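Undergrad: Got a predicted structure here, sequence first:
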Amino acid sequence: MALIKSVRGFSPQIGENSYLADNATIIGDVIIGDDCSIWFNAVLRGDVNSIRIGNRVNIQDGTVIHTLYQKSVSIIGDDVSIGHNVVIHGARIENGALIGMGAVVLDHAVVGEGAIIAAGSVVLTGTQVEPGSIYAGVPAKFVKKVDPAQAKGMNQKIANNYLMYAGWFKEDLK
């Protein structure tokens with residue numbers, strides 16, 4: 001069973017039909033929407049400020065989401081896929097975005113709707129990633145615009161796959 005812990009008077013709120021892996025950790029001021037999946041060793045640490053997760057979001061294995069005390073919040077929109085071992089620290093990830101494996105997105109950065117952050121990239125503090133674009137590198141820089149329909153299709157496929165994967169684990173609980 002996932003570790004769900006209250007702190008400073010804040011208790012996590014988990015939406016309907018959401019899957020939390022056995023060793024996922026959800027702490028404090030965290031609100032997770034419906035149909036989400038929080039995978040193994042993921043940590044959502046809302047101890048110093050708030051974390052808000054939309055609907056149909058998958059937060060994959062080893063990801064850490066945190067904030068700065070009284071200075072930043074982490075907000076993740078709907079239909080977002082966050083790859084394995086990502087760090088999101090006080091950033092905003094808008095609807096339909098994809099954050100690649102091992103990427104780091106720092107405080108006050110905004111990843112626009114449908115944008116893709118390539119695996120291993122570092123999005124520096126305050127960076128504004130344009131909607132529908134690909135950013136890559138250290139530090140992450142604009143690479144190119146993506147076809148909105150193609151990006152939405154790919155991101156939706158990943159999100160749907162993770163709903164399916166979560167279903168496998170829920171079936172094993174019966």
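TA: Received it, and whenever you're ready, just let me know what you need.

Undergrad: right, and P148 touches G132 too?
TA: Yes: applying Cβ atoms under 8 Å as the test, P148 and G132 come out as touching, 5.3 Å apart. Heads up, the C-betas are built off the backbone N, CA and C, glycines and all.

Undergrad: what do the two both touch?
TA: Common neighbours of P148 and G132 are listed as G114 (criterion: Cβ atoms under 8 Å, 6 or more residues apart in numbering).

Undergrad: okay, these two: which has more neighbours?
TA: Neighbours were counted for P148 and for G132 using other Cβ atoms under 10 Å; G132 has more, 20 against 13.

Undergrad: where's D29, which helix or strand?
TA: Assignment of secondary structure by DSSP states H and E places D29 within strand 25-32.

Undergrad: Partner strands of that strand and their direction?
TA: strand 3-5 (parallel), strand 13-14 (parallel), strand 43-53 (parallel) (DSSP bridges).

Undergrad: list the helices and strands whichever helix or strand comes after that strand packs on?
TA: Once strand 25-32 ends, the next helix or strand along the chain (criterion: DSSP H and E) is strand 37-38. The criterion is 3 or more Cβ pairs under 8 Å, 6 or more residues apart in numbering; DSSP states H and E, and the helices and strands that strand 37-38 contacts are strand 19-20, strand 58-59, helix 148-172.

Undergrad: and of the ones you listed, who's closest to V122?
TA: With Cβ to Cβ as the measure, strand 58-59 is the member of those nearest V122 (18.7 Å).

Undergrad: So what touches the closest one?
TA: Contacts with strand 58-59, where a contact means Cβ under 8 Å, 6+ apart, come from 36-39, 42, 44, 53, 65, 76, 80-82, 158-159, 162-163, 166.

Undergrad: Which residues does the strand holding D29 contact?
TA: 2-8, 10-15, 18, 20, 38, 42-47, 49-53, 57.

Undergrad: for that strand, the distance to its chain's centre please.
TA: Average the C-alpha atoms of strand 25-32, do the same for its chain, and the two points are 13 Å apart (Cα atoms, centre = their mean, to the nearest Å).

Undergrad: on that earlier part again, most tightly packed of the helices and strands packed on strand 37-38?
TA: Highest mean neighbour count among the helices and strands packed on strand 37-38 (mean count of other Cβ atoms under 10 Å): strand 58-59, with a mean of 28.
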